[in-house]
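In: only geometry, no sequence info:
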């Protein structure tokens, strides 16, 4: 079965620490990859996405992600986190041309200590 | 900016009640979704609608139905609510139909069934 794995369920960091959230998926071929973020009390919103070209993708608020095809991974990174990055982060993968086929990971809750 | 509005943010309903969750989007998107978000399970697709009166079952349609009478409005119906339907429900819409398109989410409706 298709799956998207986010192994870290809850990550706690201090401000200014570096962040890397893991995301792995279980199938080969062409994929579209996404990271969505949900800040407390707000709607889910797109952080960044990859569908072709440069495997290093830059998103909003200083986030970036690297698509490594050989590792089936799309890890999210930020060199220095801020308290305002406290949120839940969802990785998502779509291997089809239909938007209805997107699969979301279980989410990683990020807590930043001031 | 795209706005997806879910009219009810917090609801408490009794077992067996019929529940309507309403969603409106203001960007003339043809495609709309209903997801369910549960801790540790991420987002799971309940139903997808690709046009007025057109719908497609998602991964967990049992116990739910939907209605799309107008392009901007997509309703989720729980015919007879049960306690295992206590959850956060997310409505979403999308501009295109491709696998790389961005999904726009509403703020969510927290439903508690007692």
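Out: Received it, and whenever you're ready, just let me know what you need. As the structure is a prediction and not an experimental result, all values here were calculated from the model.
In: so where's chain B shaky on pLDDT?
Out: Applying pLDDT under 70 to chain B picks out residues B:1-2.
In: The top strand by length along chain B: which residues count as buried?
Out: The strand that spans the most residues within chain B, counting by DSSP state E, is strand B:42-51. Residues of strand B:42-51 classed as buried: B:42-43, B:45-50 (neighbour count, 16 or more other C-beta atoms under 10 Å in any protein chain shown). C-beta here means a position set from N, CA and C on the backbone, and glycine is covered the same way.
In: Which residue ranges of chain B form strands?
Out: In chain B, the strands defined using DSSP E lie at B:4-6, B:10-13, B:19-21, B:23-25, B:31-38, B:42-51, B:54-57, B:64-70, B:73-78, B:87-94, B:103-105, B:109-113.
In: Close to chain B: what parts of chain A are there?
Out: Residues of chain A lying close to chain B (C-beta under 8 Å from any C-beta of the partner chain) are A:4, A:6, A:9, A:32, A:34, A:36, A:41-46, A:49, A:51, A:90, A:94-102, A:104-107.
In: give the contact list for the residue nearest the centre of chain B.
Out: Centroid-nearest residue in chain B: residue B:34, 2.6 Å away (criterion: C-alpha atoms, centre = their mean). Contact partners of residue B:34, counting by C-beta atoms under 8 Å, 6 or more residues apart in numbering or on different chains, are B:21, B:23, B:45-48, B:58, B:64, B:66, B:74, B:76, B:89-92.
In: Residue A:72 too?
Out: A:24-28.
In: likewise residue A:106?
Out: Shown in contact with residue A:106 (C-beta under 8 Å, 6+ apart): A:5-6, A:9, B:40-42.
In: Now with 6 Å, please.
Out: Going by C-beta atoms under 6 Å, 6 or more residues apart in numbering or on different chains, residue A:106 touches A:6, B:40-42.
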